[in-house]
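Peer 1: Below is the sequence, then the predicted model.
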Amino acid sequence: MYGCFFMFDIIAGLKVKEQEFTYKDTISASEAFISSTTKHVLPVSTLDNNIIANGKPGKITSQVAKLYKQYIANQIILNNVA
């Protein structure tokens, strides 16, 4: 899953950058999500009772979730063809 986010940089023009972040960075973010193989892209709306942005998934989170869903569908197709 890790590598596909860098493909999104190319495909959708999203600016993907890996860096460390602090708790303060997270609660002051305009949006946040976590990702994993089993949960895919999961929006984070609160952290320790602090609402992130407006408490709803943001535009980038929604776009990344859609791109990841398409990526998984393509991988399934490719693996079934091979």
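Peer 2: Cool, got the structure. Just so you know, these numbers come straight off a predicted model, no measurement behind them.
Peer 1: where in the protein is pLDDT low?
Peer 2: Per-residue confidence for the chain (pLDDT under 70) gives these ranges: 1-7, 9-11, 81-82.
Peer 1: Tell me the buried residues in stretch 45-61?
Peer 2: When burial is assessed from 16 or more other Cβ atoms under 10 Å, stretch 45-61 yields the following buried residues: Ser45, Ile52, Ala53, Pro57, Gly58, Ile60, Thr61. All C-beta spots, glycine's among them, are computed from the backbone N, C-alpha and C.
Peer 1: Tabulate these (TSV), appending distance to Gly13 and secondary structure.
Peer 2: As requested, the buried residues of stretch 45-61 are exported to TSV (distance: Cβ to Cβ, whole Å; DSSP: H, G, I helix; E, B strand; the rest coil):
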residue	distance to Gly13	secondary structure
Ser45	25	coil
Ile52	24	coil
Ala53	21	coil
Pro57	19	coil
Gly58	16	coil
Ile60	11	helix
Thr61	16	helix
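Peer 1: Just the helices from the chain, written as ranges.
Peer 2: Using DSSP state H, the helices of the chain run over residues 2-12, 23-27, 59-81.
Peer 1: can you put those helices in CSV and add distance to His40?
Peer 2: Below are those laid out as CSV (distance: least, Cβ to Cβ, whole Å):
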stretch, distance to His40
helix 2-12, 11
helix 23-27, 20
helix 59-81, 6
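Peer 1: Of these, which is nearest Val41?
Peer 2: helix 59-81 (4.0 Å; Cβ to Cβ).
Peer 1: State the distance from Ser62 to Tyr68.
Peer 2: 11 Å (Cβ to Cβ, to the nearest Å).
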